[in-house]
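Student: how would this look folded up:
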Amino acid sequence: MTGLDSLGRLLVLTGGVLVLLGILLVLAPKLPFLPRLPGDLVLRRGELTIYLPIATMLLVSLGLTILLNAIVRLFRG
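Tutor: Next comes the predicted model:
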């Protein structure tokens, strides 16, 4: 593979990931399970509200790890 082939694949992969991320961000408010997982913390003190989505971050991290590992294995051959 030449340098341009691998650069082209990287650009296509990056574009695909950005499209999927954009779709996820558009659809995220409509997903009933995503904003309120049991491990997410909400701290309220008067008018101040702090939302710490710990369980959501772990779930998204696990999903992205699996997805990115599958993509890397696919492109390595």
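Student: List the buried residues for stretch 38-58?
Tutor: Neighbour counts over stretch 38-58 (16 or more other Cβ atoms under 10 Å) mark 53, 56 as buried. Heads up, the C-betas are built off the backbone N, CA and C, glycines and all.
Student: Distance of the most far-flung residue of the chain relative to its centre relative to residue 58?
Tutor: Outermost residue of the chain with respect to the C-alpha centroid, by Cα atoms, centre = their mean, is residue 46; its distance is 32.1 Å. From residue 46 across to residue 58, the span is 29 Å (Cβ to Cβ, to the nearest Å).
Student: Check residue 39 too.
Tutor: As for residue 39, its distance to residue 58 is 7 Å (criterion: Cβ to Cβ).
Student: Give me the number of neighbouring residues for residue 60.
Tutor: For residue 60, the count of nearby residues is 13 (other Cβ atoms under 10 Å).
Student: just residue 70 next, same as before
Tutor: For residue 70, using other Cβ under 10 Å, the count is 10.
Student: what helix or strand does it sit in?
Tutor: Element membership of residue 70, judged by DSSP states H and E, is helix 54-76.
Student: ditto for residue 24
Tutor: With DSSP H and E as criterion, residue 24 is part of helix 3-27.
Student: Now tell me what touches that helix from outside.
Tutor: If you take Cβ atoms under 8 Å, 6 or more residues apart in numbering as the criterion, helix 3-27 is touched by 71, 75.
Student: following that helix, which helix or strand comes up?
Tutor: strand 41-45.
Student: what comes into contact with that next one?
Tutor: Outside strand 41-45, the residues that touch it by Cβ under 8 Å, 6+ apart are 49-52, 54.
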